[in-house]
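**Q** sequence and computational prediction follow.
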Amino acid sequence: MGLPDCCGKSKRGNAKCGDKVGPPATNPEAIGCATTAENRARESGGYLVFDPVSNGTLFLIWSNREVANAMAFFYPKKPVPDFKFKNGGRQEIFRNLLSDKKNYYEGWCHFFKAAAEFNGECRLLAGADTAPLRVTVAFLFGTTVKKLAQAQPLPTSGVVAIGCVPQAQTTFDVRTMHRDLFLGNSRQSGAAIAL
């Protein structure tokens, strides 16, 4: 039995990454191989991307690799059908966003609604800082408000509503809020979806 290295060859034998090769590895090289595979798996999921085509379009892109300039990401905890990844995995959410900003905020909510359908773990990405409109996204868990951030992934299990507002708004600067108030306040300056 051989321990695999990250190049796909083993030190002895023909084992490759993912092959069962015996007892748990203590070799740092073999552990690095598993970590790399795990990291790749954690990059597989849904990415929110803005494209200036058609006066601004939001896309959900299903990918097994990190997507450049993506604004948000979710890692699905439920199996995703293979067809979602076909033809580049590109799924249009909304277009003509720069003339109707409400649809921009609505598009963010629809992206996270898709994440909830797959029990996704969500986070913002660096692309959110360079987006045409900066936003604040919050999830409502019962009556608890939690804002989405780059450093802190949030699960979608238990979410009853999703809101998205312009970044300068203080709508989500509270710890708790009733669901109807959360939806109403979010829709005044942005958008919201009840799940």
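**A** That came through, no problem.
**Q** show me where this structure has its strands.
**A** Using DSSP state E, the strands of the chain run over residues 45-51, 57-63, 72-75, 90-95, 121-124, 135-141, 144-147, 154-155, 159-166, 191-194.
**Q** quick one, which of those is nearest to F111?
**A** strand 45-51 (4.6 Å; Cβ to Cβ). Yep, even glycine has a C-beta here, placed from its N, CA and C like the rest.
**Q** what residues does that closest one touch?
**A** With contact meaning Cβ atoms under 8 Å, 6 or more residues apart in numbering, strand 45-51 is reached by 56-63, 66-67, 69-76, 80, 93, 97, 107-108, 111, 114-115, 118, 120, 125, 127, 131-132.
**Q** indicate which one of the strands of the chain is closest to L183.
**A** Taking these one by one with Cβ to Cβ, strand 191-194 is closest: 4.5 Å.
**Q** and that closest one, how far from the chain's centre?
**A** 17 Å (Cα atoms, centre = their mean, to the nearest Å).
**Q** now do that strand: which elements does it pack against?
**A** helix 101-117, strand 159-166, helix 179-189 (3 or more Cβ pairs under 8 Å, 6 or more residues apart in numbering; DSSP states H and E).
**Q** what strands line up against that strand, and which way round?
**A** Sheet pairing for strand 191-194, assigned by DSSP bridges, gives strand 159-166 (antiparallel).
**Q** quick one: the strand it pairs with to helix 179-189, angle?
**A** 20 degrees (axes from the mean of the first three to the mean of the last three Cα atoms, to 10 degrees).
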